[in-house]
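> Fold the following.
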Amino acid sequence: MGLLTMTGPLAIDMYLPAFPSMTEALAAPPGAVERTLALYLIGMAAGQLLYGPASDRFGRKAPLYVGLALFTMASIGCATASSIETLTVWRVVQALGGSACMVVPRAVIRDHYDTQGAARAMSLLMLVIGVAPVLAPILGAQVLLVASWRAVFGILALIGAGLLVALHFGMRETLPAERRVQVNLRSMFVTYGELLRHRHFLFMALAGGLGMGGLFAYVVGAPRTLIEYFGLSPQMFSLLFALNAIAMTVASQVNARLLTRLHPQRVVRVVLWVLPLVGLTGLALSLAGWLTVPLFVAVIMAYMACQGFVGPNSAALALQGQGGRLGAASAMLGTLQFTSGTVIGLAVSAWDSGNATSLLAIIATAGTLACLSGRYALQESARAAREAAQARSA
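Numbering: from 1, shown residues only. Okay, here's the model as predicted:
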């Protein structure tokens, strides 16, 4: 499951060091290459809405076959693109394929575990996922030393093809035929409507999504901030980028250990308060003119560490009690996360303050909204528990 989920971070992060060279090679206007990343996130958000119900209807493996085939084909298209417009189209198709690899593994985990077990499993999954952001920019930067940016997408095509083979021979179906549900267009919209009206699900998903939005803000804005504003080389950028991914990965493993003793609600209730504090601290340092590269990296590492706690716990709590619509709930969870990331990523692309202030302001805003959303979801959960207890005692 971790290897499948790695395709998303790899496709997002591996070409980041190539942004300047891609802009020059494709004669793209300023911000155009950055927007391919934001549009990739849109494709990831939209695609999950299709794969979720499909995984409830046809099982977990069939949607993965379709998604990985699309991802591989689109990666080849990106590698051969001759214009920024062509690249943009193939990036959207690549995202529509890769989105299957984001939504189905969460459903597979919930097929096997209860809420607390799922939170632990998702934390362990982040150990594998965390390797991708560490290795992807480093690998991308090293590829640029010996080849052009097109080779980056060639490698992604090979990864997609390899995962197709591994899926066929190495994964068993986790949703037996008797547990599959009939899905049509009307029932799909009804299910999604019910999920959006489920306040605990909606706001807990948004807590994770808005927190993830701060991560996407950094992914979109980091090349401009570190390479163009601070003047770092692509190789140094990739090393600093790796530190932030390591921070999130280590935190997720600490979270997994904590969950052997604590419920996910207790963990997320504390860490939610830290997200806005970290973002606001970085913004204050930038506004005061005291921000240096080490301080910038420290702020981002602290934010990523918090997300290592918030991400898996908010996902497990949001999917709690979703039963037969687990695939659809996982899809809506991913869509809300990637929609938040897309909006925040576009904001970073559009707002250039000439320094790190705009990026840190957006990260601080995302962290604050994540905190407020998560707190509301926890209050809704407590209210529902009280009402259930009163109904039982009546």
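> Go through stretch 18-28 and flag the buried ones.
Using 16 or more other Cβ atoms under 10 Å as the burial criterion, the residues of stretch 18-28 that qualify are Ala18, Phe19, Pro20, Met22, Thr23, Ala25, Leu26, Ala28. Glycine gets a C-beta too; all of them are placed from N, C-alpha and C.
> Now do the same contact list for the fifth one.
With contacts defined as Cβ atoms under 8 Å, 6 or more residues apart in numbering, the neighbours of Thr23 are Pro30, Ala32, Val33.
> circling back to that earlier point, can I get the buried residues of stretch 18-28 in TSV including secondary structure?
Formatted as TSV, the buried residues of stretch 18-28 follow (DSSP: H, G, I helix; E, B strand; the rest coil):
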residue	secondary structure
Ala18	helix
Phe19	helix
Pro20	helix
Met22	helix
Thr23	helix
Ala25	helix
Leu26	coil
Ala28	coil
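> Which of these sits closest to Tyr303?
Sorting these by how near they are to Tyr303, with Cβ to Cβ, puts Phe19 at the top with 21.6 Å.
> neighbour-wise, which of the contacts of Thr23 leads?
Most neighbours among the contacts of Thr23, by other Cβ atoms under 10 Å: Val33, with 27 neighbours.
> Can you give me the distance of that residue to Ala284?
Between Val33 and Ala284 the distance is 31 Å, computed by Cβ to Cβ, to the nearest Å.
> In the stretch 151-300 of the chain, what residue spans correspond to helices?
With helices called from DSSP state H, counting those that start in this stretch, the stretch 151-300 of the chain shows them at 185-197, 199-222, 234-258, 264-287, 293-318.
> Show me the contact partners of the first one.
The reference is to helix 185-197. Taking Cβ under 8 Å, 6+ apart as the criterion, the residues outside helix 185-197 that touch it are Leu49, Pro53, Phe201, Leu202, Arg325, Ala328, Ala329, Met332.
> Dump these into JSON lines; add distance to Leu144, neighbour count and pLDDT as well.
As requested, the contacts of helix 185-197 are exported to JSON lines (distance: Cβ to Cβ, whole Å; neighbours: other Cβ atoms under 10 Å; pLDDT from 0 to 100):
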{"residue": "Leu49", "distance to Leu144": "35", "neighbour count": "18", "pLDDT": "83"}
{"residue": "Pro53", "distance to Leu144": "40", "neighbour count": "25", "pLDDT": "78"}
{"residue": "Phe201", "distance to Leu144": "42", "neighbour count": "24", "pLDDT": "89"}
{"residue": "Leu202", "distance to Leu144": "42", "neighbour count": "20", "pLDDT": "91"}
{"residue": "Arg325", "distance to Leu144": "44", "neighbour count": "22", "pLDDT": "73"}
{"residue": "Ala328", "distance to Leu144": "40", "neighbour count": "30", "pLDDT": "78"}
{"residue": "Ala329", "distance to Leu144": "40", "neighbour count": "29", "pLDDT": "83"}
{"residue": "Met332", "distance to Leu144": "37", "neighbour count": "28", "pLDDT": "85"}
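> what about Gly321, which SS state?
For Gly321, the assignment made with three-state DSSP gives coil.
> quick one, the helix or strand containing Leu378 and helix 293-318 angle?
Under the criterion of DSSP states H and E, Leu378 resides in helix 357-393. Between helix 357-393 and helix 293-318, the angle formed by their directions is 20 degrees, by axes from the mean of the first three to the mean of the last three Cα atoms, to 10 degrees.
> List the buried residues in helix 357-393.
Across helix 357-393, burial judged by 16+ other Cβ under 10 Å covers 357-378, 380-381.
> pLDDT of it, averaged?
Averaging pLDDT along helix 357-393 gives 87.
> so how far is that helix off the chain centroid?
Relative to the mean C-alpha coordinate of its chain, helix 357-393 is positioned 19 Å out (Cα atoms, centre = their mean, to the nearest Å).
> now for that helix, which elements pack on it?
Taking 3 or more Cβ pairs under 8 Å, 6 or more residues apart in numbering; DSSP states H and E as the contact definition, the neighbouring helices and strands of helix 357-393 are helix 199-222, helix 264-287, helix 293-318, helix 326-350.
> Against Glu194, how distant is the residue nearest to Phe241 when sequence neighbours are not counted?
Closest residue to Phe241 apart from its sequence neighbours, by Cβ to Cβ, 6 or more residues apart in numbering: Pro137 at 4.5 Å. Applying Cβ to Cβ, the value for Pro137 to Glu194 is 40 Å.
> Of those two, which one has the most company?
Under the neighbour definition other Cβ under 10 Å, Pro137 and Glu194 were set side by side, and Pro137 has more, 28 against 14.
> In three-state terms, label that one for me.
In terms of secondary structure, Pro137 is helix; the call rests on three-state DSSP.
> please renumber so the chain begins at 437
Noted, 437 is the first residue going forward, which turns the last one into Pro573.
> Poorly predicted segments of the stretch 437-586 of the chain, please.
For the stretch 437-586 of the chain, the stretches with pLDDT under 70 are 437-439, 545-570.
> so where's the stretch 637-786 of the chain shaky on pLDDT?
Screening the stretch 637-786 of the chain residue by residue with the criterion pLDDT under 70, one finds the ranges 758-760, 762.
> any chance of the helices of the stretch 587-736 of the chain in a markdown table, with distance to Ala474 too?
Formatted as a markdown table, those follow (distance: least, Cβ to Cβ, whole Å):
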| stretch | distance to Ala474 |
| --- | --- |
| helix 621-633 | 23 |
| helix 635-658 | 7 |
| helix 670-694 | 18 |
| helix 700-723 | 20 |
| helix 729-754 | 19 |
